[in-house]
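>>> Test case, fold it:
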Amino acid sequence: MSSPSGQKPALKTAGSGQSRFQVTEVTELGAVTSGERTSGGTDGTTGTTGSKGSAGGEESKGRFSVVKFLDSGGIGTDASDVAQNGDTVRSTGSHRSSASGHTNISDTHSNTYYMRTFGHNTIDAVPNIDFYRQTEAPLGDKLIRPTLSELHDELDKEPLDEDGFPIGEESTLAEEAAAKEGTKEQAKGGTIKFGWVKGVLIRCMLNIWGVMLFIRMSWIVGQAGIGLTCVIILMATVVTTITGLSTSAIATNGFVRGGGAYYLISRSLGPEFGGSIGLIFAFANAVAVAMYVVGFAETVVEMLNDVDALMTDELNDVRIVGTLTVILLLGISVAGMEWEAKAQIVLLVILLAAIFNYFIGTVITMESKEPKGFFGYKAAIMMENMGPDFRDGETFFSMFAIFFPAATGILAGANISGDLTDPQSAIPKGTLLAILITGITYVAVTVSTGSCILRDATGDHNDTSSVSDLNCTDAACTLGYDFSICKEGGCKFGLMNDFQVMSLVSGFGPLITAGIFSATLSSALASLVSAPKVFQALCKDNIYPGLHVFAKGYGKNNEPLRGYVLTFCIGLAFILIAELNVIAPIISNFFLASYALINFSVFHASLANSPGWRPSFKYFNKWVSLAGAVLCCAVMFVVNWWAALMTNIIVLALYVYVSYKKPDVNWGSSTQALIYNHALTHCLLLTGVEDHVKNFRPQCLVMTGYPNARPALLHLVNAFTKNVGLMVCGHVRTVSRRPNFKEMSLDHARYQRWLLKNRIKAFYTPVFAEDLRHGAQYLLQATGLGRLKPNTLVMGFKNNWSDGEMKDVEMYINIIHDAFDLQHGVVIIRLQEGLDISHIQDPDELLSSHEKKDAGMKDVVVSVNMLGKDSEDSNSFPPSLITSAQNSPLILRGSAVLQLLIFKNQNYPLSLTDQRLLEASQQFKKKQCKGTVDVWWLFDDGGLALLIPYLLTEKKKWKDCKIRLFIGGKINRIDHDRRAMAALLSKFRIDFSAIYVLGDINTKPKKHNVLSFEEMIEPYKLKEDDMEQEAAERLKAEEPWRISDNELELYRAKTNRQIRLNELLKEHSNSAKLIVMSMPLARKGTVSSALYMCWLETLSKDLPPILLVRGNHQSVLTFYS
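Have a look, this model is predicted:
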């Protein structure tokens, strides 16, 4: 179809390439039969007419292929209706022209268009899960929905490459489809994923059913009794259950990747907490491997010792057996998750057999076991063992500390979250069910051992007693035995004396030993797998840059082989030490710290009330989670107080390190949500409170343009607003045609990052306006939120005012009037060298290169604005243009900025003026040496002219500068005025080094200075005496900035005062680091812009850096408490 003359076609023809959403039209040749339909290939091209598909599905494909759009059904869906404006794909029918000139379109498929799936016939996309994936989603490719610009902007607005695609678009529809299909095939054929039983339930149960179940549980029952042991189990279960609920809540609040506890905490609380916990959690799991392996090795060595088969001595045999064991476990882990899962199932079967073997043994009583304290279920034994019998200084809390590590395996499933088929479903079900089953098991073992076995027994068949003995006070006596000798100590049997009592009770003793082996090896294997997985996730996020080498994965399951080797080395090192009594409490505390933060994460996310916090698991409460976090912290100190302190110190140190490094990640943490919540709440609270003079802060709207265009202005204002008041960098972008809001949005994000990177606490706010004054009015009226809005306008002095057009001066002066009309204070900063360095590219690079000439060759790009004030953006403070290595040093698009490429070892093509300008632009960034800040407080504006230098000298960079105060006064009252001002400053609590009372301000200025002023204003005079009154009035109306003779005579005294003040400034403050001067006011509508500008010029010329300050005449200082 042809486009009208003079207009660009909206869509290119097939022969000339395609736009991003080009529809390839297939012409029909005659009648279309079922075997001769045109088939759209999956690569986005059209097949030839008349070719038959190899299958019926090929014939049913659409007659168009839509390029650069992928619907949920894949490629080749029917596209029906594309209109010329690009919104709809139109079905290709036969085109018939009527007599009236209109084109009638008849659909060759009759009503099939209306039966097609909605959304497949438009560019606008229907909801699709692939649009919401992250970039590296493991379950599918991320698709990019059409942007608002692609749907809203004009089609000919975006430049196209030779293929018809927007410049910068690289992948085609076919490539995206191929990539997606490849990913799906890989997912089908490669990675091993586990369900909730094999992936979570079995792992958690194996980790919780540790060696504690077989060799310490009976001893705890003997010490604490059945009742208190059940309380201990219940307390531990409460902590783990709350943590399990919290884990479930986080795991169901979106897709969970690999990383376990680290991933859950870091995505909830941010990289600071996540990074610190991730490192110690991975280390804890690595050392836990050594703990469990040493437990296994000690059991093996005891068996070898019983048969007198030690290889060397007990300690070295533990090291040998432990080393061989950890090598075997490493081999299983490296073989892949599938082999590791099979090994876990085998170990679970052995463990379950051992547990059932124990319970079967409790109901099989044997007379030979009675002297060793086992009598089967007896009420007398149960009642005697119900209460505690603490010995050897043990207490309830010491028993709790010994038992609790047995309950710390609840994250074994979550730690391999990346290997689960559906982590959101598997983690809650598997973790909570494992806690329930293991809790019931521990209670059952507690009750059974306490009901079957005496606390003390001699093991001697001859220690019997008569049942009819009236002195029987214990269960043993009622059962016909006298074990009273055990009160003196020395007995080797019973709950209190024999750690292997469960082997005695069981139906088949060696099976309990196998259970001990299974418990230790399964826990070691789980830890050996968990540590590398967590560590790999931590390294992938690059929170600790030096560890990124361990992020690489291998094979179809992305196995962290390097992490396995590191875990093996850490575990082997601690196995060779073979002294784990000191490190064990620290490991338990590391796990508890992780649990505490998981609970706190849920509380924090719920408290932040973020719309993104929508866990599908509903059985949690933020206050219960907070209680769980507090309980975990309390348990840390109960288990071992010094280990708890050490854990907290390590976590805090890592937190501080990560906070200082500020990793470039954004995970939408609840910390961000809570900060927003607090900020919004406090902003609203502030709006309900009236301003008070004691709480006044200078909140500055600084007309910087691009923030890096006027560094001296930025650094000086930042010096007295940082951590004190608000600073907004205002930027007026003047446009003569339609504004580019997309570009402004990108600039806003880029320059806000620049401010953060340079540690300048400010906001960047750009606006489009037809001229500078209108833009300033927009900023003055609309910038800020509630009480957080500017009260002071800060601008640079217009140094080149006399070289430009007077309409720019009129605009500049009117901005000052507008600020006063809006009750803002005004600060004008003048440097003799100037402020604007935007015509020089990358001044920081130039300065650093100049200082380091021996650093080698480096490219430096310098931009020189060739148009000056007449360029389109002359009033919008043009930025330092950043040219990448790919850009040629040519004139850029739409602006006349010449890019000069120079090398570091050559002379810079900068004038002496520009070199001085660069140096002056950095003077407020560095520390100021000893000197003075001279404050000329001539008129009381509310105290702003005094407050700013006070805030400035309180900063570290300005602390060596002392305040000198200059005031006006009468010659015959100089001492009185000085004392009065000193008393006022004392009440204001503002330190000063000297006060000078100037009694000669009203003295006539020097004649040559008056003549210089007359020469300055000569071009701007109205000269109404030389023309008729009507002509003079017409000229004044056309050029209101002109100075009339009447005006000049009326303000002669004020003019002379500005000239005289400049003379006094040169006399007294020529060596000051900074001058703060009361800015003269000009009555609006009476004093012309030219005269006011001449006053400001005369007052501030040929001086050190000067601030002309005028408050809004509301008090900003007070001496009342």
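>>> which of the residues in stretch 321-338 are buried?
Neighbour-count burial for stretch 321-338, counted by 16 or more other CB atoms under 10 Å, picks out V321, G322, T323, T325, V326, L329, L330, I332, S333, V334, M337. C-beta coordinates here come from the backbone N, C-alpha and C atoms, glycine included.
>>> what about I280, how many neighbours?
21 (other CB atoms under 10 Å).
>>> Which neighbouring elements make contact with the helix or strand W1095 falls within?
Assigned by DSSP states H and E, W1095 belongs to helix 1089-1100. Helices and strands touching helix 1089-1100, as assessed by 3 or more CB pairs under 8 Å, 6 or more residues apart in numbering; DSSP states H and E, comprise helix 806-821, helix 1007-1017, helix 1052-1068, strand 1106-1110.
>>> mind putting the ones you listed in TSV, mean neighbour count included?
Supplementary listing: the helices and strands packed on helix 1089-1100 in TSV, determined by neighbours: other CB atoms under 10 Å:
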stretch	mean neighbour count
helix 806-821	19
helix 1007-1017	13
helix 1052-1068	17
strand 1106-1110	25
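>>> How many residues are close by L998?
Using other CB under 10 Å: L998 sits among 21 other residues.
>>> can you pull the contacts of it?
Shown here is L998, whose contacts under the criterion CB atoms under 8 Å, 6 or more residues apart in numbering are F966, I967, G968, G969, L1064.
>>> go with 7 Å
F966, G968, G969, L1064 (CB atoms under 7 Å, 6 or more residues apart in numbering).
>>> how about those, which pair is most distant?
The two members of those with the most space between them (CB to CB) are G969 and L1064, at 12.9 Å.
>>> Tell me where the stretch 701-850 of the chain has helices.
711-721, 741-757, 772-782, 806-821, 843-851 (DSSP state H, counting those that start in this stretch).
>>> Any idea which of those helices gets closest to S522?
Nearest of the helices of the stretch 701-850 of the chain (CB to CB): helix 741-757, 48.5 Å.
>>> chain center to that closest one, what's the gap?
17 Å (CA atoms, centre = their mean, to the nearest Å).
>>> Quick check: buried residues in it?
D747, Y751, Q752, L755.
>>> I'd like the mean pLDDT over it, please.
The pLDDT scores in helix 741-757 average 89.
>>> Can you tell me how far L674 is from M646?
29 Å (CB to CB, to the nearest Å).
>>> next one: C729
On the measure of CB to CB, C729 and M646 end up 46 Å apart.
>>> neighbour-wise, which of those two wins?
C729 (30 against 15).
>>> right, and that one touches P707 too?
Yes. Under the criterion of CB atoms under 7 Å, C729 makes contact with P707 at 4.9 Å.
>>> which residues are common contacts for these two?
By CB under 7 Å, 6+ apart, the residues touching both C729 and P707 are Y764.
>>> next one: phi and psi at L965?
phi -110, psi 130 (degrees, to the nearest 10).
>>> List the residues that contact it.
L965 neighbours (CB under 7 Å, 6+ apart): V935, W937, M981, F992, I995.
>>> Drop anything exposed from those residues.
By 16+ other CB under 10 Å, these give V935, W937, M981, F992, I995 as buried.
>>> Narrow these to those in helices?
Among the buried ones among the contacts of L965, the ones falling in helices (DSSP state H) are M981.
>>> Mind putting the buried ones among the contacts of L965 into a markdown table with pLDDT and distance to A476?
Below are these laid out as a markdown table (pLDDT from 0 to 100; distance: CB to CB, whole Å):
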| residue | pLDDT | distance to A476 |
| --- | --- | --- |
| V935 | 94 | 95 |
| W937 | 91 | 97 |
| M981 | 90 | 97 |
| F992 | 89 | 91 |
| I995 | 91 | 97 |
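>>> Name the nearest of the buried ones among the contacts of L965 relative to A819.
W937 (20.3 Å).
>>> got a list of contacts for stretch 305-316?
Contacts of stretch 305-316 (CB under 7 Å, 6+ apart): V301, L304, D317, I320, A578.
>>> 6 Å instead?
V301, L304, D317 (CB atoms under 6 Å, 6 or more residues apart in numbering).
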